[in-house]
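Colleague: model the following, please.
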Amino acid sequence: MPEHQEIEWKESWRDEYLKWLCGYANAHGGTLFIDKDDDGKVVGIQGSKKLLEDLPNKITNALGIIADVNLRTEDRKDFLEIVVDKYPSLISYHGRYYYRSGSVLREIVGKELERALLKSQGRTWDGVPLPKLTAADLKPDAIALFKQKALARGRLTSDDAAVSNEIMMENLHLVDEDGYLTRAAMLAFYRDPERWVTGAYIKIGFFGDSDSDLQYQDEIHGPLIEQIDRTIDLVYTKYMKARITYEGIQRVEVFMFPRDAFREILLNAVVHKDYASCNPIQISVYEDHMYIWNDGLMPENLRTTESLFAKHSSKPFNPKLAHVFFISSMIEAWGRGFDKIKAACDALYETPVPEYEITTDGIMVHCKANQRYLELSGQEWVKANDPIIAAFRDDELPIVDAVLKVIDQKGYVKNADVKAIMSKSAATAKRLLSKMVSAQIIKLEGIGRGQRYVKWVK
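Modeller: Predicted structure coming up:
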């Protein structure tokens, strides 16, 4: 039986091996064999009966756990088998915490220790109470936005939304047993969450030809419930440059990546981020691709792009914060966000599905441009360079399109038809038709009451 995560061999007992037992209790349990060499061969134990009596008490006194200490025999030689179960609460040895990972024993420290301690208490980081925070400190506009979104999708009834902010927080399970608001309430609704958590914001930058060519940047601060829409609007108006083309007379904006897919990726970043890291979510936009990074963690079974887009359950890193966004209808349960990302990518010129790189340093999402966007990137699809489109105001273009549709149906259009379409005077309709004739889109046929307009055949 070779050594692995749950089995270790030692030639003789030393009290420092209590660390290994501590590591087993905090991991998946395990067995420590005393009086076996590195090849698993029994070398024979001295004083086995005394160790059999002493070790159970020593383990209990040092670790506060009960281990099975058994005397075994192999090839007429005695050895000890010490079996430790996995414990639901975190176990310490002399005030330090250890964890068995693979064949290595390591100490749990820093924010990993905080997470482990919270988990052992049935808590999560976002469920920790903040004694100095009250419902009166929360931003009214943020709560109003939450209610508006939740009501629109039926996740709250009008009676649910009519309660006080204090009761609303209790109904959202954002109040602990002592009546204190939790970190999730602060992040979602407090006007300045960075007062409590450094890095609780989103940073956006546009880069040129290289990663060092930062051309401009912005930061989105405030309650997380407000940050999402503000970030999306800013990215799609200032950072992500649309390519313009026309379908008939209609102006069409083609973005490199679908807005709905970006929204889901951003929401995932907010919900799965490790806010104890104090680093902001970072969005790096380039001409034909984009990166979204957050200092977060995913479950062990969801560490590849393939696993994320396969069927899986939803296990948010910040479950209380995720619940707020679920009730607001901004995210779905049961891991459906990745289905929505794929569907949105398929719908926009078959945009490539984003690629995920998940490491101990965080989660990086790489979003690539679709082929149609790349094709248009090398062309000048601007209104100023199209003499036909440039002849009309933006408010006239839908009317022009409607006129052409009537001609497609009837074969012609008359001044009275255009007057009805525009809900304007006959003179206004006549002026638009004259502009279309001048632009060589249509031409006039007939005289008197028989006058009608048909498409210009070039």
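Colleague: low-scoring stretches of the stretch 201-350 of the chain, by residue?
Modeller: 248-249, 299-303, 305, 311-314, 333-335 (pLDDT under 70).
Colleague: now the strands for the stretch 201-350 of the chain?
Modeller: For the stretch 201-350 of the chain, the strands defined by DSSP state E, counting those that start in this stretch cover 202-207, 214-220, 243-247, 250-254, 281-285, 289-294.
Colleague: list the buried residues for the longest one?
Modeller: Judged by neighbour count (16 or more other CB atoms under 10 Å), strand 214-220 contains these buried residues: 218, 220. Where C-beta positions appear, they are placed from N, C-alpha and C, glycine not excepted.
Colleague: how about the contacts made by Gln215?
Modeller: For Gln215, the contact set (CB atoms under 8 Å, 6 or more residues apart in numbering) comprises 206-208.
Colleague: select from those the one having the most neighbours.
Modeller: Using other CB atoms under 10 Å as the neighbour criterion, Phe206 leads the contacts of Gln215 with 21 neighbours.
Colleague: pull the distance from the helix ranked longest in the chain to the chain's centre.
Modeller: When the chain is scanned for its longest helix (criterion: DSSP state H), the result is helix 48-63. Centroid separation between helix 48-63 and its chain, computed with CA atoms, centre = their mean, to the nearest Å, is 49 Å.
Colleague: packing partners for it?
Modeller: In terms of contacts (3 or more CB pairs under 8 Å, 6 or more residues apart in numbering; DSSP states H and E), helix 48-63 is packed against helix 18-26, strand 68-74, strand 77-84, strand 92-93.
Colleague: how far away is the closest residue to Asn165 other than its chain neighbours from Ala161?
Modeller: Setting aside the residues directly before and after it, Asn165 is nearest to Ala135 in space (CB to CB, 6 or more residues apart in numbering), at 4.3 Å. Distance, Ala135 to Ala161, by CB to CB, to the nearest Å: 15 Å.
Colleague: neighbour count: these two, which is higher?
Modeller: Ala135 (18 against 15).
Colleague: kindly export stretch 163-179 (C-alpha atoms) in CSV.
Modeller: What follows is stretch 163-179 as a C-alpha-only set of coordinates in CSV (Å, rounded to 0.1, in the frame of the first residue of the first chain):
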residue,chain,number,x,y,z
VAL,A,163,-41.7,46.5,3.7
SER,A,164,-39.1,48.6,5.5
ASN,A,165,-35.4,48.4,4.7
GLU,A,166,-34.8,46.6,8.0
ILE,A,167,-37.3,43.9,7.2
MET,A,168,-36.1,43.7,3.6
MET,A,169,-32.6,42.9,4.9
GLU,A,170,-34.0,40.2,7.2
ASN,A,171,-36.1,38.7,4.4
LEU,A,172,-32.9,38.5,2.3
HIS,A,173,-31.1,36.7,5.1
LEU,A,174,-28.6,39.5,5.5
VAL,A,175,-29.0,39.9,9.2
ASP,A,176,-27.3,37.5,11.7
GLU,A,177,-28.8,36.0,14.8
ASP,A,178,-27.7,39.0,16.9
GLY,A,179,-29.4,41.5,14.5
